[in-house]
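Engineer: mind folding the following:
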Amino acid sequence: QVQLVESGGGLVQTGGSLRLSCAASDAGGTFSRYRMGWFRQAPGKDRDFVGSISRSGGSTSYASSVKGRFTISRDNAKNTVYLQMDSLKFEDTAVYYCAAAEPGQAYGSWGQGTQVTVSS
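Structural biologist: Numbering: from 1, shown residues only. Alright, predicted model coming up:
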């Protein structure tokens, strides 16, 4: 497994932007073997999928609720994946988590989460 640490959360006004980072440690130089995902959990709700990025970074997928507003990217040389969030809405308020998945497996490593609060 790999250890993940998210950062970059905070308070932002509606329509603003934030960039979250997720740094992987103990990857043993194998960060590029992991498919990476972002999830979020709002108070009183289940954890929802936000988006994911392939091991090479060449392919991404997004939940319909964030498509066109959020962008996932990764830098395998820095063992880091990013979530650029633009045009933020109040309903984007949640704790955001990154996760890593070995090839062919479910997400097995999770970060501790970072709070994003969007004020109206």
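Engineer: name the nearest residue to the residue minimising distance to the centre of the chain, sequence neighbours excluded.
Structural biologist: When CA atoms, centre = their mean is applied to the chain, the residue found nearest the centroid is Trp38 (3.0 Å). With sequence-adjacent residues excluded and distances taken as CB to CB, 6 or more residues apart in numbering, Trp38 is closest to Val50, at 4.2 Å. Any C-beta I mention is one placed from the backbone N, CA and C, and that applies to glycine too.
Engineer: for Cys98, same thing?
Structural biologist: In this structure, Cys98 finds its nearest non-sequential neighbour in Cys22, 3.4 Å apart by CB to CB, 6+ apart.
Engineer: for that neighbour, name its beta-bridge partners.
Structural biologist: When assigned by DSSP bridges, Cys22 has beta-bridge partners Glu6, Val81.
Engineer: which residues touch it?
Structural biologist: Listed by CB atoms under 8 Å, 6 or more residues apart in numbering, the contact set of Cys22 reads Leu4, Val5, Glu6, Ser7, Met36, Trp38, Thr80, Val81, Tyr82, Leu83, Cys98, Gly111.
Engineer: what strand or helix carries the spatially closest residue to Leu11 that is not a sequence neighbour?
Structural biologist: Leaving aside its chain neighbours, Leu11 sits nearest to Thr117 (4.8 Å; criterion: CB to CB, 6+ apart). Assigned by DSSP states H and E, Thr117 belongs to strand 114-119.
Engineer: chain center to that strand: distance?
Structural biologist: Centroid separation for strand 114-119 versus its chain: 14 Å, with CA atoms, centre = their mean, to the nearest Å.
Engineer: list the strands paired with that strand, with their directions.
Structural biologist: Paired with strand 114-119 in the same sheet, following DSSP bridges, are strand 10-13 (parallel), strand 94-101 (antiparallel).
Engineer: those into a markdown table, with extra columns for distance to Gly28?
Structural biologist: Putting the strands paired with strand 114-119 into a markdown table (distance: least, CB to CB, whole Å) gives the following:
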| stretch | distance to Gly28 |
| --- | --- |
| strand 10-13 | 31 |
| strand 94-101 | 13 |
